[in-house]
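Participant: Give the three-dimensional model of this entry:
(chains A and B)
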Amino acid sequence: MPQTAFEPWNDPAAKPLIQFRNVSKRFGDFTAIDDLSIDIFEREFFALLGPSGCGKTTMMRMLAGFETPTSGTIMLDGQDISPIPPNKRSVNMMFQSYALFPHLTVYENIAFGLRRSKMPNEQIDARVKQMLKLVQIEKFGARKPDQISGGQRQRVALARALAKGPKLLLLDEPLSALDKKLRQDTQFELMDIQEKTGTTFVVVTHDQEEAMTVASRVAVMDHGKLKQVDTPDRIYEAPNSTYVADFIGDVNIIEGYATKQGDTVSIAWSEGNSPIIGTPSKPIANGKVSFAIRPEKIAISAERPTDRNNVVHGKVLDIAYLGNLSTYHVALPDGTIIKAQTANSRRRSSRPFTWDDEVWLSWTDTAGIVLES
Amino acid sequence: MRRLTWFNATSLTLGFAFLYIPMIVVIVYSFNESRLVTVWGGFSTKWYGELLRNESFLDAAWVTFQVGFFSSIIATILGTMGAYVLVRGGRFYGRTLFSGMMYAPLVMPEVITGLSLLLLFISIGLDRGMFTIILAHGTFAMCYVSVVVSSRLVSFDRSVEEAALDLGCTPFEAFRLVTLPIIAPAVISGWLLALTLSLDDLVIASFVAGPSATTLPIKVFSSIRLGVSPEINALSTILIGIVTIGTIAASLSTKRSVMRRQREERMAEQAG
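Facilitator: Numbers count the residues shown, from 1 in each chain, chains lettered A, B, ... in the order given. Purely as a prediction, here's the structure:
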């Protein structure tokens, strides 16, 4: 029996856990959040992604209660939370700096929130032990935050934020202080913990890879507005704007003039080059468009391929060797540079192209995205 | 370790000589047999005995101690509260004015501070005595405490307090359970500073002290106007001794805590 996919955002009957309704936040003249509305559902792992200053941290701080919206309402579980101070909200936060209490042991850090709720000591003890086990730091309960490593501190911060069993857990750049290898391992652990506890997670990050890996949905933000809210694969494969296409991953963007040809469009983009054939995801009018194509969707070959409509000829200008992949920067005769990526499935010595080689780039009719400018 | 060059060695010697020769002279002459301060009459500890039999010095020392104790506590509490509000209170109307006013007494000549306090006490009909000295010292030392504490508050991560709020603390609980333990070292050094300032102060105390209460600095100052007695040398030597022991103890304990911290960090790395 196939499992039903977790997609409450496509279910009109689903009740959102968090609702932003026309929320704006201004600091003096600066608008951090601009008339933003969004629904986040229970058990979601929701990522707010954007460059610094895009308003993602402000959104998170409004959920935690450290900022109040200038206008609009934020609902948590059907209740307007604006008048509720942070200590009365069933929302906990894992801070970017971890914000562990340096004068308390790891155990007491995790017990801190529970002690505030007048829970009996035996229950606190059981809960703290459970949390220590969940994040695999049972051995370090008696240590102070200064006496453990960065990765362990990150776990303590997570355990402390989860200990009270909040409806919503906020994570502010949770993995940014860890080195790359540890970060990748921890991403999967984080997803695992989210699944085990069933808590709704909202994570703020500027790291697109992190957002793509962990999140059920990603919201790409810019200047206090949501650019696109969608699943990671849709964000990557079907961005709705050049901003999103450019922000997530590597992309070639070609400006041109589109003319409809049945289901496809023909995009005139440069004199002396044949028009690009693309397939728009929704019907578009004739006019100026941007054609966005990911480097890995472009094939590179020494001979002119005969089975594709989109073929251009150029010279290898630069090669970025990344180990598993190589990105070729290919200059066309008119000066346009197009990036094409290939997987290095063979050893380096047998790779076919080098600097100044004449190559052919090609892609299928459906490989790129046609965006109205 | 690098050897000192002749230039550094000379600077060091000159500098320390400049600082410590006066004190060494006092210490040496406190063991002088002779009543004449400038004539060496052989080694003796008799002036220490004389000092301990001198009721008025002992009284003054006791007053100074009480004034220092109570005024430094008042200064610490008020100074910490002031620093907390000025650093953490956000932007409220008149904040710049308040912080300016908080630090103004630091640069105000003590004579003016003393005089204005004196006028205040007279106008509200407060009898001058130990109580007025405590109030006066508390007032002028709290700015120093506030400077020390606010520099610590500025440097520590605000999100630690937010974490406490987030985990269910009221703002007061967050201060008591998280902020205060973290800034405790600064509060303690502020307190020590206030204590030292109070023990040290002559100018303000001489304005606000009454006949019923004389502090040690006032006593010393008034008695040397009648000529330097060897008893004063003995008293100074005792004070120098107390300060030296205090300073050494403080620096040893700092050094030990630094070493402990380094050891713990090494442990963490190995465990990591």
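Participant: How is chain A partitioned into domains?
Facilitator: For chain A, the structural domains run A:8-243, A:250-372, going by automatic domain parsing.
Participant: gap between the longest one and the chain center?
Facilitator: Here the centre of mass of C-alpha atoms in domain A:8-243, compared against the chain's by C-alpha atoms, centre = their mean, to the nearest Å, lies 13 Å away.
Participant: Endpoint to endpoint, it covers what distance?
Facilitator: Domain A:8-243 has an end-to-end distance of 26 Å (criterion: C-alpha to C-alpha, to the nearest Å).
Participant: close to chain B, is it?
Facilitator: Yes: using C-beta under 8 Å from any C-beta of the partner chain, domain A:8-243 comes into contact with chain B via A:64-66, A:85-88, A:91-93, A:95-97, A:99-103, A:112-113, A:116-117, A:140, A:143-144, A:146-152, A:160-161, A:164. For glycine as for every other residue, the C-beta is placed from the backbone atoms N, C-alpha and C.
Participant: what's the residue closest to the geometric middle of the chain?
Facilitator: Answering for chain A, as no chain was given. A:Ala211 (2.8 Å; C-alpha atoms, centre = their mean).
Participant: Please refer instead to chain B.
Facilitator: When C-alpha atoms, centre = their mean is applied to chain B, the residue found nearest the centroid is B:Thr196 (2.3 Å).
Participant: State the phi and psi torsions of that one.
Facilitator: The phi/psi pair for B:Thr196 (degrees, to the nearest 10) reads phi -60, psi -50.
Participant: ok, the residue in the stretch 201-350 of chain A that chain B sits nearest to - contacts?
Facilitator: Nearest to chain B, among the residues of the stretch 201-350 of chain A, is A:Val204, at 13.4 Å (C-beta to the nearest C-beta). Going by C-beta atoms under 8 Å, 6 or more residues apart in numbering or on different chains, A:Val204 touches A:47-48, A:56-57, A:59-60, A:170-173.
Participant: Take the residues you listed and keep only those in strands.
Facilitator: In this view, the contacts of A:Val204 that belong to strands under DSSP state E are A:47-48, A:170-172.
Participant: how about those in TSV, adding neighbour count, distance to A:Thr31 and pLDDT?
Facilitator: Formatted as TSV, the ones in strands among the contacts of A:Val204 follow (neighbours: other C-beta atoms under 10 Å in any protein chain shown; distance: C-beta to C-beta, whole Å; pLDDT from 0 to 100):
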residue	neighbour count	distance to A:Thr31	pLDDT
A:Ala47	27	22	95
A:Leu48	27	17	95
A:Leu170	24	22	96
A:Leu171	25	25	95
A:Asp172	23	21	93
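Participant: Kindly indicate which of those lies nearest A:Pro275.
Facilitator: Nearest to A:Pro275, judged by C-beta to C-beta, of the ones in strands among the contacts of A:Val204 is A:Ala47 at 37.2 Å.
Participant: So what sits opposite the closest one in the bridge?
Facilitator: On the basis of DSSP bridges, A:Ala47 is bridged to A:Val203, A:Val218.
Participant: do A:Ile38 as well
Facilitator: Beta-bridge partners, per DSSP bridges, of A:Ile38: A:Phe20.
Participant: what's the spacing between it and B:Gly114?
Facilitator: 64 Å (C-beta to C-beta, to the nearest Å).
Participant: out of the two, which sits in the more crowded spot?
Facilitator: B:Gly114 (21 against 17; other C-beta atoms under 10 Å in any protein chain shown).
Participant: Can you classify the more buried one by secondary structure?
Facilitator: helix (DSSP: H, G, I helix; E, B strand; the rest coil).
Participant: swap in A:Ile254?
Facilitator: Assigned with three-state DSSP, A:Ile254 falls in the strand class.
Participant: Let me know the pLDDT of it.
Facilitator: What the model reports for A:Ile254 is a pLDDT of 92.
Participant: neighbours of it, just the number please.
Facilitator: Neighbour count for A:Ile254, taken as other C-beta under 10 Å: 18.
Participant: what do you get for B:Val107?
Facilitator: B:Val107: 7 neighbours (other C-beta under 10 Å).
Participant: ok, it to B:Pro217 distance?
Facilitator: 22 Å.
Participant: Export the contacts of A:Val204 as CSV, with columns for distance to B:Trp62.
Facilitator: What follows is the contacts of A:Val204, written out as CSV (distance: C-beta to C-beta, whole Å):
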residue, distance to B:Trp62
A:Ala47, 68
A:Leu48, 65
A:Lys56, 63
A:Thr57, 58
A:Met59, 62
A:Met60, 58
A:Leu170, 58
A:Leu171, 59
A:Asp172, 56
A:Glu173, 58
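Participant: ok, those residues vs A:Arg26, which is closest?
Facilitator: Checking those against A:Arg26 with C-beta to C-beta, the nearest one is A:Met59 at 13.8 Å.
Participant: where does chain B dip in pLDDT?
Facilitator: Scanning chain B for pLDDT under 70 picks out B:1, B:268-272.
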